[in-house]
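**Q** next one to model:
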Amino acid sequence: MKTNKKKYVMSKQAQIVMVFVLISILSVFGRLMPFKIATANATQLLQITTNLTNTPSFLLADSGNITSQEKLPAPVKNAVLKVASQDVKLPTSKLKIIEAQPRTWNNGCLEVSSADELCTQVLVNGWEVAVRASGKTLVYHTNDSGSVVRLNPNKSEISQNQSPTTKEEQIQPVTIPRSELPPPLERNVIFQQISSGGFAGITDKTMLLNDGSIIHVNIKNTNNSSRNVRRISRSQVQQFQDLLKKEKFSKFKNQSYPASTGSADYKTYTLTSREGTVQYNDISQSHLPNELQIIIKAWSQITQS
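**A** Predicted structure coming up:
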């Protein structure tokens, strides 16, 4: 009995040594903080070793910490929590970010796309963020600013768009007064978005030209504005125009989907094509008609990729 006990102790010590070696290797590739390894006790290390073969590495985070060595930017955190809140229909105070890792995505759809979306083939820096909500884990892909947030249904315990928005859930539109409509598009402009409001109260205008140019203008005031120009291919321009026809953007002509009474600090978006103008806000977006949501997602991918 004494000999067997000694062998057991030695075996356990060998396991601990092996775990320290393994964690040291993972710290290089996983960008883990060295001091976290030093403070973990033997039981925790053995538990990690047991679970490594059965648990995705992205979900091994301690439930109370963001495990990335780099701090998750506040705009990205807020954007993820806002989208997650809409997905699970819970206030952000009931949600908790349990892990965040910097990523470089292989396309403009952040490696999460559906058959209706157009994905530009470019590298996009961003984040992979896990959120805990009511005992479920949701995993999101974002760009580096948080302006694009997409649920990864394959890694989440909830599926994006589990069911289309029903007519009862949709917000009833109102007609935009003629005096509030934007000027007609210039000859070479195919599509335009004007965003305003939000916490910062900044107005942005983004235009897609028929040659594929995307012009983004940030209007800080009448005497101070910034301008950025990018370009997509003509085939992508044609695909987007085909999508506008397929999803019947024209049927939303001069309609506005207002925010609920009492809402504040929301951002308003005004989309204009040759067929007309539609207006919505970030609070009401998840309750828009499904065709309009598809158009908005495609436009977001074009402008943010």
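
**Q** residue ranges of the strands in the stretch 101-250 of the chain, please?
**A** Applying DSSP state E, counting those that start in this stretch to the stretch 101-250 of the chain gives strands spanning 124-133, 136-143, 149-151, 174-175, 189-197, 203-209, 213-221, 224-231.

**Q** so which of the ones you listed gets nearest E111?
**A** With CB to CB as the criterion, E111 lies closest to strand 136-143 of these, at 6.4 Å. In this view, the C-beta of every residue, glycine as well, is placed from N, C-alpha and C.

**Q** pull that closest one out as CSV, backbone CA atoms only.
**A** Extracted as CSV, the C-alpha positions of strand 136-143 are listed here (Å, rounded to 0.1, in the frame of the first residue of the first chain):
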residue,chain,number,x,y,z
LYS,A,136,-26.3,30.5,-22.9
THR,A,137,-23.2,31.5,-24.8
LEU,A,138,-23.4,33.7,-27.9
VAL,A,139,-20.3,34.3,-30.0
TYR,A,140,-20.0,37.4,-32.2
HIS,A,141,-17.6,38.5,-34.9
THR,A,142,-16.9,42.3,-35.2
ASN,A,143,-14.7,44.6,-37.1
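
**Q** who's in contact with it?
**A** By CB atoms under 8 Å, 6 or more residues apart in numbering, the residues outside strand 136-143 that reach it are 58-59, 76, 79-80, 83-84, 87-88, 98, 103, 105, 110-112, 124-132, 148-152, 155-158, 304.

**Q** what subset of those is buried?
**A** 58, 76, 79-80, 83-84, 87-88, 98, 103, 105, 110-112, 124, 126-132, 148-152, 155-156, 158 (16 or more other CB atoms under 10 Å).

**Q** distance check, E291 against K245.
**A** 11 Å (CB to CB, to the nearest Å).

**Q** so between those two, which is more surrounded?
**A** Set E291 next to K245 and count neighbours by other CB atoms under 10 Å: E291 wins out with 17 against 10.

**Q** please name the nearest non-neighbouring residue to the more buried one.
**A** Among residues not flanking E291 along the chain, E247 sits closest, at 4.1 Å (CB to CB, 6 or more residues apart in numbering).

**Q** list the residues that contact the one you found.
**A** E291, L292, I294, I295.

**Q** kindly state the beta-bridge partners for the nearest residue to R230 once chain neighbours are set aside.
**A** Spatial nearest neighbour of R230, chain neighbours left out: I214 (4.7 Å); criterion: CB to CB, 6+ apart. Applying DSSP bridges to I214 yields these beta-bridge partners: L208, R230.

**Q** report how many residues lie close to I214.
**A** The number of residues packed near I214 is 18, by other CB under 10 Å.

**Q** quick one: it and W299, what's the gap?
**A** Taken as CB to CB, the span from I214 to W299 is 10 Å.

**Q** could you do A259 as well?
**A** A259 is 20 Å from W299, by CB to CB.

**Q** between those two, who's got more neighbours?
**A** W299 (20 against 17).

**Q** who are the contact partners of that one?
**A** Residues near W299 by CB under 8 Å, 6+ apart: F191, Q193, F240, L271.

**Q** per-residue pLDDT, I194?
**A** With respect to pLDDT, I194 has a value of 93.

**Q** quick check: which element contains the closest residue to it other than its chain neighbours?
**A** Closest residue to I194 in three dimensions, ignoring its sequence neighbours and counting by CB to CB, 6+ apart: T270, at 4.4 Å. For T270, the enclosing helix or strand under DSSP states H and E is strand 267-273.

**Q** touching that strand from outside, list them.
**A** Strand 267-273 is contacted from outside by 182, 185, 190-198, 244, 249-250, 277-282, 295-296, 299, using CB under 8 Å, 6+ apart.

**Q** ok, 7 Å please
**A** With CB atoms under 7 Å, 6 or more residues apart in numbering as the test, strand 267-273 has contacts from 182, 185, 191-198, 244, 249, 277-282.
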